[in-house]
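# Provided below are the primary sequence and the corresponding predicted coordinates.
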Amino acid sequence: YAAASLGLRTDDILTGLRRMAKNELAKDLIMFIVNITTKAGKVRLLLRRNHYFLESMYRDMLTEMLKVKAVRDSRVGNSEMSVHDHSQHKIQLQGTKDGGKSQLEAMGLADTAGLDDKVSRKVYSFEILPEKVEQVKKECRDA
């Protein structure tokens with residue numbers, strides 16, 4: 001989970017493990033890694049103007065999270081999921097030569113490689129109650 005949340009891709013994780021392992025990796029372990037890395041980093045918890053939001057570029061991930069009772073009950077009202085165009089500018093990464101990567105590239109999302117300074121994406125989000133933040137964090141980790 002930690003490697004995937006830091007932006008390492010599934011193939012990179014498995015290649016590294018195969019290189020360092022004395023024995024062949026078990027199929028159960030490979031499937032576990034694939035399942036974890038497909039979910040890791042797809043949903044973010046944000047604090048914006050003193051309000052908490054669950055946000056994702058993947059609508060289906062938020063829809064899946066809303067199926068969990070604890071997350072559904074922590075949602076502010078029954079309002080629809082909001083959609084907005086989220087443009088991310090390059091950020092300064094310490095220790096890099098040119099220092100310019102978009103936040104999406106820095107998170108390891110390969111489909112953004114080679115794009116210009118500004119990356120335009122639709123982002124889906126909904127607000128959650130402040131008193132339920134810890135419960136939502138737990139559910140997001142366990143999902």
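That came through, no problem.

# which SS state does the residue most central in space within the chain fall under?
Geometric centre of the chain, nearest residue: Gly41, 2.0 Å, by CA atoms, centre = their mean. Classification of Gly41 by DSSP: H, G, I helix; E, B strand; the rest coil places it in coil.

# just checking, it touches Ala3?
No - using CB atoms under 8 Å, Gly41 is not in contact with Ala3; the gap is 10.7 Å. No exception for glycine: its C-beta is placed from N, CA and C like everyone else's.

# how about low-confidence regions in the chain?
1, 5-7, 79-80, 86-120, 143 (pLDDT under 70).

# now do 50
Filtered on pLDDT under 50, the chain yields the residue ranges 89-94, 96-97, 99-101, 103, 106-107, 110, 112-120.

# Give me the nearest residue to Ala40, chain neighbours excluded.
Leaving aside its chain neighbours, Ala40 sits nearest to Ala4 (3.6 Å; criterion: CB to CB, 6 or more residues apart in numbering).

# Quick check: Lys132 vs Tyr124, distance?
19 Å (CB to CB, to the nearest Å).

# Then Leu25?
On the measure of CB to CB, Leu25 and Tyr124 end up 35 Å apart.

# With Glu139 instead?
For Glu139, the distance to Tyr124 - CB to CB - is 18 Å.

# Between these two, point out the one with more neighbours.
Taking other CB atoms under 10 Å, Glu139 and Tyr124 do not tie; Tyr124 has more neighbours (20 against 17).
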